[in-house]
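**Student:** A structural model of the following input is requested.
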Amino acid sequence: MADSSKQSAARDRELAKAVKESKSPAIARAAAILRFLGKSDTPLGLQSIARELGLVPSTCLYTLRALVSEEFVAFEPETKRYSLEAGVLTLARHWLRRNQFTDIAQPALDRISHSFDLTTMGVHIVGLDHIIVVAASQSGNNFQLSAQIGSRFPALISATGRCIAAFGNYPEDELASRFSSLRWDDPPSYDEWLAQVRQTREQGFAVDAGNYIAGVTVVAVPVWKTRAQLSHALVALGIGGTLQRVGLPALQEALVSAAQTLSRQLCGET
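**Tutor:** Here you go, the predicted structure:
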């Protein structure tokens, strides 16, 4: 899922706000710096990092030095710029190794991706905060939308967001507050979105037909870790016309079937 520059800037502002409001500011600063560096294609200087995250430069420098000493951040003495270090891969590898969903979802994602010639993803749901791509597959044929492992998106955006709102048992006032901050290419009204959430609850899957990204259709199906905990979702995305040609109902059926199988496996059912 490609982000626009406006969406990226909005997330940077939200990141800076979260640092200021955190009850554990030192941890929040470190996490914000790591995420910010992770999004940058090039190393960044102290002033750029501090300015974008709303940090006092001296405080930012102290945090950066701590992250460098722990090998999570690399420092280039010649340019005085910072970038992610390989130490973050150790944490990611440990998480992926114990993450059952990633292992059991990948074959299903590969099968659906190649059968329907589109991009599929498995996402981890972190409450109403965000979703994280933890597995992905692309058919390799024709034009494909990219999906990178580790990408984060607002929880209520696109088709996955409708699933979270439909099955997450969240208060409507909280949903309304979160909805108002979302950025869409073709935004639905809140009433339209609520109607789509209700439809998602009835049919067991959600469809975003070009609202989030113009011309792109996204289908999402919930996956349950326990009977009461919505933990993941299977997502398929492709150019709207392509999905119509390959058969949207058949894709929906394949995703629902795969999600039901994964839910039973995660819940320990046969």
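**Student:** which stretches of this structure form strands?
**Tutor:** Using DSSP state E, the strands of the chain run over 44-45, 73-76, 81-84, 119-126, 130-138, 152-154, 206-209, 216-226, 229-239.
**Student:** L266 is nearest to which of the ones you listed?
**Tutor:** For L266, the closest of the strands of the chain is strand 216-226, at 4.8 Å, according to Cβ to Cβ. Every C-beta, even on glycine, is put in place using the N, C-alpha and C of the backbone.
**Student:** quick one: buried residues of the closest one?
**Tutor:** For strand 216-226, the buried set under the neighbour-count rule, 16 or more other Cβ atoms under 10 Å, comprises V216, T217, V218, V219, A220, V221, P222, V223, W224, K225.
**Student:** Now do the same contact list for the second one.
**Tutor:** T217 is in contact with V207, D208, A209, G210, L237, G238, I239, G240, L243, L248, counting by Cβ atoms under 8 Å, 6 or more residues apart in numbering.
**Student:** next one: the last one
**Tutor:** With contact taken as Cβ under 8 Å, 6+ apart, K225 is in contact with F101, S231, H232, S263, L266, C267.
**Student:** if you set the cut-off to 6 Å instead, what comes out?
**Tutor:** Contacts for K225 (Cβ atoms under 6 Å, 6 or more residues apart in numbering) come out as S231, L266.
**Student:** Just the pLDDT for the closest residue to I49 other than its chain neighbours.
**Tutor:** What sits nearest to I49 in space, not counting adjacent residues and going by Cβ to Cβ, 6 or more residues apart in numbering, is C60, at 5.8 Å. At C60, the model reports a pLDDT of 94.
**Student:** ok, back up a step: can you say which of the strands of the chain is nearest to R35?
**Tutor:** strand 152-154 (7.8 Å).
**Student:** before we move on, back to that, closest to V73 out of the buried residues of strand 216-226?
**Tutor:** K225 (32.4 Å).
**Student:** May I have the predicted confidence score for the closest one?
**Tutor:** 87.
**Student:** A28 now?
**Tutor:** 87.
**Student:** same question, the one 4 residues further on
**Tutor:** Note for A32: predicted pLDDT of 90.
**Student:** does it really touch L53, like I thought?
**Tutor:** Yes: between A32 and L53 there is a contact at 5.3 Å, judged by Cβ atoms under 6 Å.
**Student:** ok, now how distant is the closest residue to V133 other than its chain neighbours from E174?
**Tutor:** Of all residues not flanking V133 in the chain, S151 sits nearest, at 4.5 Å (Cβ to Cβ, 6+ apart). Computed as Cβ to Cβ, to the nearest Å, the S151 to E174 distance reads 24 Å.
**Student:** Neighbour count for the two, which is higher?
**Tutor:** Between S151 and E174, counted using other Cβ atoms under 10 Å, S151 has the larger neighbour count: 19 against 13.
**Student:** Verify the stated contact: L182 with I157.
**Tutor:** Yes: taking Cβ under 6 Å as the definition, L182 is a contact partner of I157 at 5.4 Å.
**Student:** what about the two, which has more around it?
**Tutor:** Between L182 and I157, counted using other Cβ under 10 Å, I157 has the larger neighbour count: 24 against 20.
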